[in-house]
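Trainee: here are the coordinates; sequence isn't available:
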């Protein structure tokens, strides 16, 4: 749980002044430093980035009354704007889990 919190807070801070892909850097670092196993590293990276991206997308969705997500849903022929949010969160969290797992496995290779 602490790993997910560290990843989410650090990723949010980095996203304030770096590009979108910088949110995965904390997963790589904290996965290498705090990861206990491959499965738990993936899970907490997944949860941390999922929570962050869900909060951020809901913030923008509510901030513009769903206009942006509705337009993106129309662009991709999706029936509703909430599917854009769901797909965004799933894609980000999968990549977050994979980068945290990569950090853990990188540490394991270096130490062995």
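Mentor: Arrived safely. This one's a predicted model, so the numbers in the text were calculated from it and none came from an experiment.
Trainee: give the contact list for the residue nearest to residue 14 when sequence neighbours are not counted.
Mentor: Closest residue to residue 14 apart from its sequence neighbours, by CB to CB, 6 or more residues apart in numbering: residue 22 at 4.5 Å. Heads up, the C-betas are built off the backbone N, CA and C, glycines and all. Residues in contact with residue 22 (CB atoms under 8 Å, 6 or more residues apart in numbering) are 11, 14-15.
Trainee: just the pLDDT at residue 22, thanks.
Mentor: pLDDT for residue 22: 90.
Trainee: walking through the protein, point out its helices one by one.
Mentor: For the chain, the helices defined by DSSP state H cover 2-15, 25-34, 38-63, 67-75, 81-111.
Trainee: and the spatially most central residue of the chain, what pLDDT?
Mentor: Nearest to the mean C-alpha position of the chain, by CA atoms, centre = their mean, lies residue 49 at 2.5 Å. What the model reports as pLDDT for residue 49 is 95.
Trainee: among the contacts of residue 22, which one sits closest to residue 76?
Mentor: residue 15 (23.3 Å; CB to CB).
Trainee: which of the contacts of residue 22 tops the neighbour count?
Mentor: Ranked by the number of neighbours (other CB atoms under 10 Å), the contacts of residue 22 place residue 11 first, at 26 neighbours.
Trainee: so how far is residue 97 from that residue?
Mentor: Distance of residue 11 to residue 97, computed by CB to CB, to the nearest Å: 13 Å.
Trainee: overlap in contacts, these two.
Mentor: Residues within reach of residue 11 and of residue 97 at once, by CB under 8 Å, 6+ apart, are 27, 49.
Trainee: include pLDDT when you put the contacts of residue 22 into JSON lines, please.
Mentor: Below are the contacts of residue 22 laid out as JSON lines (pLDDT from 0 to 100):
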{"residue": "11", "pLDDT": "94"}
{"residue": "14", "pLDDT": "94"}
{"residue": "15", "pLDDT": "91"}
